[in-house]
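A.B. asks: Pasting a predicted model and its sequence here:
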Amino acid sequence: KKEARKRGKLLGLGFANYVESSIGSPRERAEITVKPEGKVTVVIGTQPSGQGHETSFAQVAADLLALPVETVQIVLGDTDVVSVGGGSHSGRSMRHAGTVITMASMDLIEKAKKITAIVLGTTPDKVEWNEGRLSAPNSNRTFDLTELAKEIEKHALPDDLKDGLSVGRTNEMHDPVFPNGCAICEIEIDPDTGHPTLTRYSCVDDVGRCINPLIVHGQTHGGIAQGVGQAMWELCTIDPDSGQPLSGSFMDYGMPHGHTLPSFKCEIVEVLSPTNPLSVKAGGEGGTTPALAVIISAVADALRDLGIQMVHVSVDGGDAETHDAFRGVEGTFMWLTEEIGELATALRSGTKEEVSLEFADVLAWLRSQGFAVKMLSGDRRATAEAIGRELGISANDVHAEVLPSDKEEKVAELERSLGRTTMVG
């Protein structure tokens, strides 16, 4: 903070913990087929939009079936093929798809034992599955699943096995999981413009068993950008008079970019979940969940030495008027705590003098700086009465944070005459 102050900046440290309850659509289906040409197809009902299901699901199937991952093809999104599926949401994809792929893989291995028994002239209970190969004591021949699929073509199978190494399994699961973690960041604020700059961001996420750390880190990075974007830049603005969208293109809509975000430092913690065969929790939403809280917390910390407590959801404002104000066009939108006297002193002199001012003095000072006061509120009766005297309204109206209708025009006229507006809560 001292170093930033020397550069004329206000530094804030933000910290936020989170815990989610992830359930999602409970039903999922997997269909697995091992083909004679050495390929395995896995039909699943999730629908990725960049999460890498084709990679991570193939890893799960390949590991369970003891086959090279490059032989596994994941089939998604084709309604001619996919009969059942819960989609991708609520951190459900790996948990539900991984569970049903595990179940279907076990079914496939049991079916493979029955077929191997026919091929080797023995009974299924004598067939063993060991490190991806099927064998029986009465023969020196062994098969992996792709070799067995090719061998099947030479044998007549009973009706219940005629479809070869192909199985389908539907599963319904309602047990929740609880991914959790924490995030910490640093933000620097330019006191002249109110412009915040995110300088550092780190997080730790417990996702249960992590199937593919690279993919999980990528999802975390994207989730952080989404959450930080909502907190700092993104805003859908509509003109209140015409209904015309004012942020209809990316020229007008604030988005996070590479140059506005620092490099993230992320770590994964694996506390295994007992609710599913793979012990996974969820990793797709962990980046977003704490991002808003940690950003606002850092902003509040940066401003607290001035007696300002930032409690608004969006740093860049929640409406068009607030949005313009925080950009530094006409001033800074802020919520003031009971240390408003210290704020006035700091703004007036640029130093942190231990001087206490009456609220009426603060309001007078704000007006002397060319600001119109539109709405104020106080936690104490004395505060409300002081503000009420300045605005010419009752203390009860101040507490309600609503200007009576007959005073609105008076305030609007005052704002027009000064040409500047600030909102103080």
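C.D. replies: Great, that's in hand.
A.B. asks: Report the buried residues of the helix or strand hosting R95.
C.D. replies: Element membership for R95, per DSSP states H and E: helix 93-120. By 16 or more other C-beta atoms under 10 Å, the buried positions in helix 93-120 come out as 93-105, 108-109, 111-113, 115-120. (Each C-beta comes from the backbone N, C-alpha and C, glycine too.)
A.B. asks: can you pull out the strands in the stretch 201-350 of the chain?
C.D. replies: 264-269 (DSSP state E, counting those that start in this stretch).
A.B. asks: Give me the secondary structure label for K150.
C.D. replies: Following DSSP: H, G, I helix; E, B strand; the rest coil, we place K150 in the helix state.
A.B. asks: need the contact list for it.
C.D. replies: Residues in contact with K150 (C-beta atoms under 8 Å, 6 or more residues apart in numbering) are 36, 38.
A.B. asks: so how far is V72 from it?
C.D. replies: To V72, K150 is 17 Å away according to C-beta to C-beta, to the nearest Å.
A.B. asks: What of L11?
C.D. replies: 49 Å.
A.B. asks: These two: which is more packed in?
C.D. replies: V72 (23 against 19; other C-beta atoms under 10 Å).
A.B. asks: Roughly how far does the nearest residue to the more buried one once chain neighbours are set aside sit from T71?
C.D. replies: Spatial nearest neighbour of V72, chain neighbours left out: A58 (4.1 Å); criterion: C-beta to C-beta, 6 or more residues apart in numbering. For A58, the distance to T71 equals 9 Å [C-beta to C-beta].
A.B. asks: which one of the two has more residues nearby?
C.D. replies: Between A58 and T71, counting by other C-beta under 10 Å, A58 is the more crowded of the two (23 against 19).
A.B. asks: Test my guess that that one contacts L65.
C.D. replies: No: the pair A58 and L65 fails to qualify as a contact (C-beta atoms under 8 Å) at a distance of 10.6 Å.
A.B. asks: what is in contact with those two at once?
C.D. replies: Common neighbours of A58 and L65 (C-beta under 8 Å, 6+ apart) are V72.
A.B. asks: tell me the contacts of the residue nearest the centre of the chain?
C.D. replies: Note on the chain: the residue nearest the mean C-alpha position is T288, at 2.1 Å, using C-alpha atoms, centre = their mean. Residues in contact with T288 (C-beta under 8 Å, 6+ apart) are 223-224, 226-227.
A.B. asks: Most neighbours of all those, which one?
C.D. replies: I224 (25 neighbours).
A.B. asks: Point out where the chain drops to low pLDDT.
C.D. replies: Low-confidence segments of the chain, defined by pLDDT under 70: 309-425.
A.B. asks: Leaving out sequence neighbours, find the closest residue to the residue of it positioned farthest from its centre.
C.D. replies: Going by C-alpha atoms, centre = their mean, the residue of the chain most distant from its centre is N138, 56.1 Å out. Nearest residue to N138, sequence neighbours excluded (C-beta to C-beta, 6+ apart): T122, at 5.3 Å.
A.B. asks: what about that neighbour, which SS state?
C.D. replies: Relying on three-state DSSP, one would call T122 coil.
A.B. asks: separation between it and V34?
C.D. replies: Distance from T122 to V34, by C-beta to C-beta: 21 Å.
A.B. asks: do T193 as well
C.D. replies: Taking C-beta to C-beta, one finds T193 at 63 Å from V34.
A.B. asks: Who has more neighbours out of these two?
C.D. replies: In terms of neighbours (other C-beta under 10 Å), V34 is the more surrounded of T193 and V34; the figures are 28 against 12.
A.B. asks: What are the phi and psi values at the more buried one?
C.D. replies: phi -100, psi 120 (degrees, to the nearest 10).
A.B. asks: Neighbours of the closest residue to it other than its chain neighbours, how many?
C.D. replies: Nearest residue to V34 in three dimensions, chain neighbours excluded: L165, at 3.9 Å (C-beta to C-beta, 6+ apart). Neighbourhood size, L165 [other C-beta under 10 Å]: 22.
A.B. asks: now R5
C.D. replies: For R5, the count of nearby residues is 12 (other C-beta under 10 Å).
A.B. asks: Run through the residues that contact V100.
C.D. replies: By C-beta under 8 Å, 6+ apart, the contact list for V100 reads 28-30, 44, 169-171.
A.B. asks: Please repeat the previous calculation with a cut-off of 10 Å.
C.D. replies: Listed by C-beta atoms under 10 Å, 6 or more residues apart in numbering, the contact set of V100 reads 27-31, 44-45, 84-85, 168-173, 276-277.
A.B. asks: Contacts for stretch 264-274 next, please.
C.D. replies: Stretch 264-274 has contacts (C-beta under 10 Å, 6+ apart) with 22, 95, 175-181, 183-185, 200-210, 213, 216-218, 220-221, 224-225, 228, 278-283, 286-287.
A.B. asks: and if we set it to 7 Å?
C.D. replies: 177, 201-210, 213, 216-217, 220-221, 224, 279-281 (C-beta atoms under 7 Å, 6 or more residues apart in numbering).
A.B. asks: of those, buried ones?
C.D. replies: Counted by 16+ other C-beta under 10 Å, the contacts of stretch 264-274 give 177, 201, 203-208, 210, 216-217, 220-221, 224, 279-281 as buried.
A.B. asks: Out of the residues you listed, which sit inside helices?
C.D. replies: Under the assignment DSSP state H, these contribute 216-217, 220-221, 224 to helices.
A.B. asks: quick one: which of those is nearest to V299?
C.D. replies: Proximity of these to V299 was ranked by C-beta to C-beta; the top entry is I224 with 16.3 Å.
A.B. asks: That closest one against P290, yeah?
C.D. replies: No: contact criterion C-beta atoms under 7 Å: I224 and P290 do not qualify, at 9.0 Å.
A.B. asks: quick revisit: now the contacts of V100: which count as buried?
C.D. replies: Listed as buried from these are 27-31, 44-45, 84-85, 168-169, 171, 173, 276-277; burial here means 16+ other C-beta under 10 Å.
A.B. asks: which one of those residues is nearest Q244?
C.D. replies: Closest approach between the buried ones among the contacts of V100 and Q244, by C-beta to C-beta: G85, at 39.7 Å.
A.B. asks: now that closest one: how far from G45?
C.D. replies: Separation of G85 from G45 (C-beta to C-beta): 2 Å.
A.B. asks: shared neighbours, the two?
C.D. replies: 28-29.
A.B. asks: can you pull the contacts of S88?
C.D. replies: Counting by C-beta under 7 Å, 6+ apart, S88 has contacts 46-49, 51.
A.B. asks: Looking at those residues, which one is closest to D78?
C.D. replies: The closest of the contacts of S88 to D78 turns out to be Q47 (C-beta to C-beta; 10.4 Å).
A.B. asks: Tell me how many other residues crowd that closest one.
C.D. replies: Residues lying near Q47 (other C-beta under 10 Å) number 16.
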